[in-house]
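Enquirer: model this:
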Amino acid sequence: MNAFDPKHPGQMDLAQLRYGDGEYQVVRPGRYVLCAVSGVKIPLEALRYWNPELQEAYAGPKEALARFQALKGKA
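Expert: Prediction:
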């Protein structure tokens, strides 16, 4: 039984991660997480941007910057 086996009936595609500084821990295995800004699916192997304080993932630098600017404007 492999979590990434497409034939596995109980497979959860959406992963749950705990984001840290420069690394993350898998809480619930899956194939992707969702971008907090755009909602796009981010395959775990492509995940490069996240915020450990907010526990959010971002699809790319554009989304990460947009979130940073939105938060900075609220401060």
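Enquirer: For the rest of this, base every contact and every neighbour count on C-alpha atoms.
Expert: Will do.
Enquirer: the helices in this structure, which residues?
Expert: Secondary structure of the chain (DSSP state H): helices at 61-74.
Enquirer: Could you pull out the strands in it for me?
Expert: Under the criterion DSSP state E, strands of the chain are mapped to 16-19, 24-28, 32-34, 41-43, 49-51, 56-58.
Enquirer: right, and these - which one's nearest Gly73?
Expert: When the strands of the chain are compared by C-alpha to C-alpha, strand 49-51 sits nearest Gly73, at 16.9 Å.
Enquirer: Could you list the paired strands of that closest one along with their orientation?
Expert: Sheet pairing for strand 49-51, assigned by DSSP bridges, gives strand 56-58 (antiparallel).
Enquirer: Can you tell me what sits against the strand it pairs with?
Expert: With C-alpha atoms under 8 Å, 6 or more residues apart in numbering as the test, strand 56-58 has contacts from 19, 33-38, 42, 47-51, 64.
Enquirer: would TSV of these with distance to Ala57, neighbour count and pLDDT be doable?
Expert: Shown next, in TSV, are the contacts of strand 56-58 (distance: C-alpha to C-alpha, whole Å; neighbours: other C-alpha atoms under 10 Å; pLDDT from 0 to 100):
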residue	distance to Ala57	neighbour count	pLDDT
Tyr19	8	19	98
Val33	7	22	98
Leu34	7	19	98
Cys35	5	20	98
Ala36	6	19	98
Val37	8	16	97
Ser38	10	11	97
Ile42	8	19	98
Leu47	8	17	98
Arg48	8	14	98
Tyr49	6	18	98
Trp50	4	24	98
Asn51	7	17	98
Ala64	8	20	97
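Enquirer: quick revisit: ok, which of the strands of the chain comes nearest Lys72?
Expert: When these are compared (using C-alpha to C-alpha), the closest one is strand 49-51, at 13.8 Å.
Enquirer: Compile the strands of the chain into JSON lines and extend it with columns for distance to Lys72.
Expert: Formatted as JSON lines, the strands of the chain follow (distance: least, C-alpha to C-alpha, whole Å):
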{"stretch": "strand 16-19", "distance to Lys72": "21"}
{"stretch": "strand 24-28", "distance to Lys72": "24"}
{"stretch": "strand 32-34", "distance to Lys72": "22"}
{"stretch": "strand 41-43", "distance to Lys72": "25"}
{"stretch": "strand 49-51", "distance to Lys72": "14"}
{"stretch": "strand 56-58", "distance to Lys72": "16"}
